[in-house]
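**Student:** The following comprises the amino acid sequence and a computationally predicted model.
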Amino acid sequence: MALLRTEALTMHFGGLTAISNMDFQIDKGETVAIIGPNGSGKTTFFNCLTGIYIPSAGKIYFNEQDITDLSPDQKFRLGIARTFQNGRLFWGLNVLENVMMGMHSSHQSFLLGAIFRTAKNRKEERDAIKKAKEVLEFFSKDLLDQQGKLAKNLSYADRRRLEICRALAADPQLLLLDEPAAGMDPLETEELMQDIKRIKQHNPDLTLITIEHDMKFVEGLADRVLCFNYGQKIAEGTFAEVSSDPLVISAYLGEEEESA
Ligand SMILES: Nc1ncnc2c1ncn2[C@@H]1O[C@H](COP(=O)(O)OP(=O)(O)OP(=O)(O)O)[C@@H](O)[C@H]1O
Ligand SMILES: [Mg+2]
């Protein structure tokens with residue numbers, strides 16, 4: 001049984017078809033990478049999966065439940081978490097607090113200024129802090145060491161890593177990463193890959209879909225690779241298969257010609 005699958009998923013924006021008849025599936029514990037030229041529909045696919053867009057047609061099933069029309073919050077509560085291509089942290093909160101913001105809302109009432117600090121409140125707060133520290137520790141000791149620093153004062157790479165920690169704080173079944181290594185140098189990208197590998201080792205059931213342009217990162221992490229072009233899946237297989245596929249090569253060459 002697939003953890004998540006889509007059937008003929010389609011998303012139109014006016015006359016533009018950003019996702020076209022997409023059949024996709026991923027099993028529990030699998031890591032899938034989505035590659036493809038700019039504008040090929042990768043982020044739109046995530047936006048459909050997470051409920052930011054309601055698809056124009058087609059279906060999304062999660063654990064065989066039809067979730068096509070659910071809201072982002074409903075999908076989050078079912079166990080689908082994500083990061084964003086452009087980053088979305090709370091700049092004025094520190095590292096630990098940002099991780100806590102990723103937890104389910106029942107655990108964050110105190111962060112939103114709970115006035116009556118009941119014993120239950122305080123216990124929830126302690127549990128949340130403990131959990132947030134665990135997430136940071138498993139992902140990166142280096143971030144744990146910076147737990148009191150405001151997000152706005154982190155390095156760029158650490159901000160992107162913190163976003164992943166925030167998404168992990170919800171204990172998702174499915175984690176969607178939109179270009180997690182974008183803007184990182186090769187060393188930072190390699191470190192990020194190792195961090196994610198460690199998370200997967202610690203939690204082999206975690207299912208991961210990552211969009212990424214960095215091919216070393218894709219090769220190092222993905223069990224299976226998909227290439228999108230113009231909203232369609234043009235190739236699927238191992239990294240070696242997809243990266244040598246003539247359709248994939250010409251899709252990327254076409255992109256270079258367009259930007260030349
Ligand atoms: N809200 C929207 N309204 C109109 N068009 C949109 C919207 N979101 C995306 N698009 C269009 O849909 C197409 C796919 O965009 P999308 O952002 O999914 O591409 P992408 O593969 O993530 O690209 P990149 O690698 O640059 O992030 C593009 O032509 C884009 O302009
Ligand atoms: Mg995108």
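**Tutor:** Cool, the structure landed. Numbering: from 1, shown residues only. Ligands and ions are numbered 1, 2, ... in the order given.
**Student:** Quick check: residues of the stretch 1-150 of the chain near ligand 2?
**Tutor:** By Cβ under 5 Å from the ion, the residues of the stretch 1-150 of the chain that approach ligand 2 are 42, 43, 85. C-beta coordinates here come from the backbone N, C-alpha and C atoms, glycine included.
**Student:** Closest one of those residues to residue 244?
**Tutor:** residue 42 (20.5 Å; Cβ to Cβ).
**Student:** Settle this for me: the closest one is touching residue 211, isn't it.
**Tutor:** Yes - counting by Cβ atoms under 8 Å, residue 211 is a contact partner of residue 42 at 4.5 Å.
**Student:** any shared contact partners between these two?
**Tutor:** 34, 35, 178 (Cβ atoms under 8 Å, 6 or more residues apart in numbering).
**Student:** Among the residues you listed, which ones are in strands?
**Tutor:** Among the shared contacts of residue 42 and residue 211, DSSP state E puts 34, 35, 178 in strands.
**Student:** Most neighbours of all the residues of the stretch 1-150 of the chain next to ligand 2, which one?
**Tutor:** residue 42 (26 neighbours; other Cβ atoms under 10 Å).
**Student:** Dihedrals phi and psi, that one?
**Tutor:** When quoted as degrees, to the nearest 10, the phi and psi of residue 42 stand at phi -60, psi -50.
**Student:** quick one, what contacts it?
**Tutor:** 34, 35, 36, 178, 211, 228.
**Student:** Report the lowest-confidence entry in the residues of the stretch 1-150 of the chain next to ligand 2.
**Tutor:** Within those, residue 85 has the lowest pLDDT, namely 86.
**Student:** and residue 245, how many neighbours does it have?
**Tutor:** For residue 245, using other Cβ under 10 Å, the count is 17.
**Student:** ok, what's across the strand from the closest residue to it other than its chain neighbours?
**Tutor:** Once flanking residues are discounted, residue 245 sits nearest to residue 235: 4.3 Å by Cβ to Cβ, 6 or more residues apart in numbering. Beta bridges link residue 235 to residue 227, judged by DSSP bridges.
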